[in-house]
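Participant: sequence first, predicted coordinates after that:
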Amino acid sequence: MRPVGFSTGALAYADFRRGLAMCCNKPVQAIELSALRQNELIPLLEALDTLDLARFTHIAIHAPSQFDPEWEAALGARLRDETWRGWPIVLHPDALYDLSLWREMGSAVCIENMDKRKPIGRSARELESVFKHLPDAKFCFDIGHARQFDPTMTEAYLILRDFGHRLSQVHVSEVNTRSKHDPLSYASIIAFQEVAHLIPSDVPLILETPVSEDEMEMEIAKVQESLPLDRIMVAW
């Protein structure tokens, strides 16, 4: 069974401690500590050593999805100080201004593919230009973004074909027409199954579905149905 967990930001808006607490006594092995807004990052980083994360086999940090350009150097320096932990640092490519700052962080950087609102990072071709500047970066595949951008799942296939060797984790949710994350529907489950065989069994699934604590296990079951292991796995 693939390692599964949640984004703290999906469970509890701007409250990583509450999101972590909701994962207690749940069958989760992975966690993404979310700081999607600029003012959330420093409090999260300053709290890292006080958090009980021992139960998780996979931990990631999601950096702000947008930030002031003049703050980029300070942001990069602060995140660089955390790379010793070996955790992926998820970044939105459209938020980056000076790619040389992030290239220095090597494989700690984990680039996420984007939804249809964004100007870059949505397709395999657009991601290729990003990874050209960040040759050592890892990849966070957002399957909901890929399906929203191309409901046929062709682009999802191309993205995984070209960048599966970089894959560090997968974001899972249904992304609606307003680019908001929703719980999985039957249609999204069927669509995700089309590319499940391209995702290695050891790659963690991070749920970004906004569910209550009582709904978490039901949503985990839906995600496991959408990305089952009873397919031939691809060796990258």
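Facilitator: Structure received. Numbers count the residues shown, from 1 in each chain.

Participant: give me phi/psi at the residue nearest in space to the middle of the chain?
Facilitator: By C-alpha atoms, centre = their mean, the chain has its centre lying nearest to residue 171, at 4.3 Å. Main-chain dihedrals, residue 171, degrees, to the nearest 10: phi -90, psi 130.

Participant: contacts only, for it.
Facilitator: 7, 112, 140-145, 206, 208 (C-beta atoms under 8 Å, 6 or more residues apart in numbering). Where C-beta positions appear, they are placed from N, C-alpha and C, glycine not excepted.

Participant: strands - which of these land there?
Facilitator: Counting by DSSP state E, the part of these found in strands is 7, 112, 140-142, 206.

Participant: tell me the pLDDT at the residue of the chain most remote from its centre?
Facilitator: Largest separation from the mean C-alpha position in the chain: residue 70, at 25.1 Å (C-alpha atoms, centre = their mean). In this model, residue 70 is scored at 93, pLDDT.

Participant: which residues touch it?
Facilitator: By C-beta under 8 Å, 6+ apart, residue 70 lies in contact with nothing.

Participant: one more time with 10 Å
Facilitator: By C-beta atoms under 10 Å, 6 or more residues apart in numbering, the contact list for residue 70 reads residue 97.

Participant: in this structure, which ranges drop under the pLDDT threshold?
Facilitator: Across the chain, residues meeting the criterion (pLDDT under 70) sit at 231-236.

Participant: for it, what spans make up the helices?
Facilitator: Ranges of helices in the chain, per DSSP state H, are 8-11, 16-22, 38-47, 72-80, 99-103, 124-133, 143-149, 154-163, 186-193, 216-226.

Participant: how about the ones you listed in TSV, adding mean neighbour count and distance to residue 180?
Facilitator: Output for those, formatted as TSV (neighbours: other C-beta atoms under 10 Å; distance: least, C-beta to C-beta, whole Å):
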stretch	mean neighbour count	distance to residue 180
helix 8-11	24	11
helix 16-22	18	18
helix 38-47	15	19
helix 72-80	16	25
helix 99-103	16	27
helix 124-133	16	22
helix 143-149	25	10
helix 154-163	20	19
helix 186-193	17	14
helix 216-226	18	16
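
Participant: now do the phi/psi pair for the closest residue to residue 157 other than its chain neighbours.
Facilitator: Nearest residue to residue 157, sequence neighbours excluded (C-beta to C-beta, 6 or more residues apart in numbering): residue 195, at 5.6 Å. Torsion angles at residue 195 (phi, psi; degrees, to the nearest 10) stand at phi -120, psi 10.

Participant: next, count neighbours for residue 195.
Facilitator: Residue 195 has 22 neighbours, counted by other C-beta atoms under 10 Å.

Participant: closest to residue 130 out of the ones in strands among the contacts of residue 171?
Facilitator: residue 112 (10.2 Å; C-beta to C-beta).
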